[in-house]
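In: Next input, structure requested:
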Amino acid sequence: MGVRIKSTGISRDTDTFSIVELSGRAARRAMENAGVQPGQVGVLINAGIFRDSNTVEPAVSALIQKAAGIGLDYVKEDPRSFSFDLMNAGSGVLNAVQVAQAVLATGSTEHVLIVSGDTHPSLERSAGDSEFPYATAGAALLLEFTDEPDGFGRVHTVAGTGTPAVESYVDTATMGNQGRGLMTVERDADFEDRLLAVAADAARKALADADREHATVALIASTPTPGFPERLAAELGIAADAVRTPDLSQGDPHTAALPLAYDAAVQDDSLNAFSHVLFVAAGAGPSAAAVLYRLPAVVGALA
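Out: Prediction:
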């Protein structure tokens, strides 16, 4: 018994740079792909960090919930739903999986919808650059409880020491009247190595939960640099051809990297040879989270 991915949805549409709209579209597509109605989603969790015009209030999750069409009616007979932001840099998606596991175990709702994605606050571009390396994209994971043996295992987390390795902030000393469209991102010179250290630590803890003699494992990891997943695979002794990554042509999708990579791998049937996916997320803190996901037989290899 556990929690598994029922469907995914993504949006890298080019007609808008609004992460509220893109995440809302991804959420709707995830529900449509699963044949699930909005009233069947009890909780929506937004793990995105960089948002439209540096919005602080209301919670961006509420805006995405509205864009997704979830819980818009307020009559007595309507099912209850709510949403909240869960912000923990690049690790937020897997922290949201932790919360979803706890919620779905209670039987209080059929589905939990996790959305993630980031955009430049100016809403004027989708591609990252040296000053703001993050690509605009929205992604969604629709989760359900299952009595089958597949699904997520325990989520393991690791917190590093020292400086955060990556920092993002609005510089109030220089922003003038443009603060809603600006974001400063600073990375330590050794940020990739420090993220790799905590990611490898979390990943090893997750792998310890598996029967490695019989498990065949694909790796899906954060992409703070294009080569980060391959470096992590080498550190863990996972073959390079078992690594699955999202489209990085416009930069790092940041909080959307894991759902985007999983969606792409499912769409091209490249998980057929594997029994498990090792999801590893890492970001500012430095912090990392990892979880082993047992694939349903219709997606991966027969157990």
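
In: what's near enough to touch residue 246?
Out: Neighbouring residues of residue 246 by Cβ atoms under 8 Å, 6 or more residues apart in numbering: 137, 223, 253, 256, 257, 260, 261, 264. Yep, even glycine has a C-beta here, placed from its N, CA and C like the rest.

In: all helices for this structure, in order.
Out: Taking DSSP state H to define them, one finds helices in the chain at 19-34, 60-68, 92-105, 191-207, 228-236, 257-267.

In: that older thread, the contacts of residue 246: which two are farthest apart?
Out: 223 and 264 (12.4 Å; Cβ to Cβ).

In: Could you check how far stretch 134-149 is from the centre of its chain?
Out: 8 Å (Cα atoms, centre = their mean, to the nearest Å).

In: between the helices of the chain, which gets nearest to residue 132?
Out: helix 19-34 (13.5 Å).

In: now could you export just the CA positions of that closest one as PDB?
Out: The C-alpha trace of helix 19-34 is given here as PDB (Å, rounded to 0.1, in the frame of the first residue of the first chain):
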ATOM      1  CA  ILE A  19       3.400  30.600 -13.700                       C
ATOM      2  CA  VAL A  20      -0.100  30.800 -12.300                       C
ATOM      3  CA  GLU A  21      -1.500  30.200 -15.700                       C
ATOM      4  CA  LEU A  22       1.000  27.600 -16.700                       C
ATOM      5  CA  SER A  23       0.700  25.700 -13.500                       C
ATOM      6  CA  GLY A  24      -3.100  25.900 -13.700                       C
ATOM      7  CA  ARG A  25      -2.900  24.400 -17.200                       C
ATOM      8  CA  ALA A  26      -0.600  21.600 -16.100                       C
ATOM      9  CA  ALA A  27      -3.000  20.800 -13.300                       C
ATOM     10  CA  ARG A  28      -6.000  20.700 -15.600                       C
ATOM     11  CA  ARG A  29      -4.100  18.500 -18.100                       C
ATOM     12  CA  ALA A  30      -3.100  16.100 -15.300                       C
ATOM     13  CA  MET A  31      -6.800  15.800 -14.300                       C
ATOM     14  CA  GLU A  32      -7.900  15.400 -17.900                       C
ATOM     15  CA  ASN A  33      -5.300  12.700 -18.500                       C
ATOM     16  CA  ALA A  34      -6.600  10.700 -15.600                       C
END
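
In: Which of the residues in that helix are classified as buried?
Out: 19-31, 34 (16 or more other Cβ atoms under 10 Å).

In: Residue 74: neighbouring residues, count only.
Out: Neighbour count of residue 74, defined by other Cβ atoms under 10 Å: 6.

In: how close does it sit to residue 80?
Out: Distance, residue 74 to residue 80, by Cβ to Cβ, to the nearest Å: 10 Å.

In: still on that earlier bit, more crowded one of residue 223 and residue 264?
Out: Using other Cβ under 10 Å as the criterion, residue 223 and residue 264 rank with residue 223 on top: 25 against 17.

In: list the contacts for the more buried one?
Out: 229, 245, 246, 248, 252, 253, 257.

In: ok so, going back, just put the buried residues of helix 19-34 in TSV and tack on pLDDT.
Out: Converted to TSV, these look like this (pLDDT from 0 to 100):
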residue	pLDDT
19	96
20	96
21	96
22	96
23	97
24	97
25	97
26	97
27	97
28	97
29	97
30	97
31	97
34	96
